[in-house]
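K.L.:
Next one to model:
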Amino acid sequence: MRCGFIVTAMCENMLYFSSLGVGAASSGKLTFMVGGAEEEFTAAKELLSCMGANVVYCGQVGTGQAAKICNNMLLAIGMIGTSETMNLGIRLGLDPKLLAKILNMSSGRCWSSDTYNPVPGVMEGVPSANNYLGGFGTQLMAKDLGLAQSTATNTRTPVPLGSLAHQIYRMMCARGYASKDFSSVFQFLREEEGQ
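P.N.:
Below you'll find the predicted structure:
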């Protein structure tokens with residue numbers, strides 16, 4: 001079992017998935033998404049509650065994973081959008097800290113802007129403040145987006161933004177970002193424009 005953005009454990013007929021990252025794992029604030037028999041969930045809930053602030057029963061086996069890939073697809077799309085927005089604002093002459101402050105008090109606020117900002121120097125204690133080391137790796141995000149793409153294809157669900165996000169994270173892996181945190185998409189976009 002790996003403590004990090006996604007913690008997966010198998011216990012008989014139940015699958016547990018968690019999100020929120022290494023910091024949340026360290027502080028016991030993980031969210032567990034659980035699929036399996038409800039009576040087994042009830043039996044395991046107390047143990048999972050020791051490790052996480054939120055333990056959510058999603059339904060039958062497989063629904064915890066479904067929740068995890070949906071969450072991570074939205075997270076990837078949101079991080080790319082935040083990175084593009086911050087990059088545009090910087091190119092227009094806005095101070096990145098000021099822009100983040102404005103976004104976070106306005107309708108553009110999201111987890112990627114207010115809790116895990118991808119721009120170096122905007123926040124302390126996040127991977128962007130540490131050369132994108134730690135956190136949730138780009139390679140893992142690409143893997144989860146691949147799972148989302150596969151299930152979207154199998155269910156004939158259109159996910160054009162998820163597909164673009166998958167392509168971007170796969171390109172990042174091919175260009176040396178695989179072991180960096182997924183928020184390094186900001187750096188990747190800056191390098192793509194010749195910065």
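K.L.:
most residues in a single strand of this structure, which one?
P.N.:
Looking across the chain with DSSP state E, the single longest strand is strand 52-59.
K.L.:
Return the list of strands paired to it, each annotated with direction.
P.N.:
Using DSSP bridges, the strands paired with strand 52-59 are strand 30-35 (parallel).
K.L.:
quick one: furthest residue from the center of the chain?
P.N.:
Relative to the centre of the chain, the most outlying C-alpha is that of E39, 29.6 Å out, by CA atoms, centre = their mean.
K.L.:
Quick check: phi and psi at it.
P.N.:
Dihedral pair for E39: phi -70, psi -30, per degrees, to the nearest 10.
K.L.:
Need the mean per-residue confidence for the longest strand of the chain.
P.N.:
Strand 52-59 shows a mean pLDDT of 89 in the predicted model.
K.L.:
again with stretch 118-129
P.N.:
Average pLDDT, stretch 118-129: 97.
K.L.:
Equivalent analysis for stretch 138-156, please.
P.N.:
97.
K.L.:
List of residues touching it?
P.N.:
4-6, 65-66, 68-70, 72-73, 75-76, 157-159, 162-163, 165-166, 169-170, 172-173, 177-182, 184-185 (CB atoms under 8 Å, 6 or more residues apart in numbering). From N, CA and C alone the C-beta is placed, and that goes for glycine too.
K.L.:
If any of those are buried, put those into a PyMOL selection.
P.N.:
In PyMOL syntax, the buried subset of these is picked out as below (16 or more other CB atoms under 10 Å):
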select buried, resi 4+5+6+65+66+68+69+70+72+73+75+76+159+162+163+165+166+169+170+172+173+177+178+180+181+182+184+185
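K.L.:
Restricted to helices, list the contacts of stretch 138-156.
P.N.:
65-66, 68-70, 72-73, 75-76, 162-163, 165-166, 169-170, 172, 185 (DSSP state H).
K.L.:
Can you report how many residues lie near V126?
P.N.:
For V126, the neighbour count with other CB atoms under 10 Å is 21.
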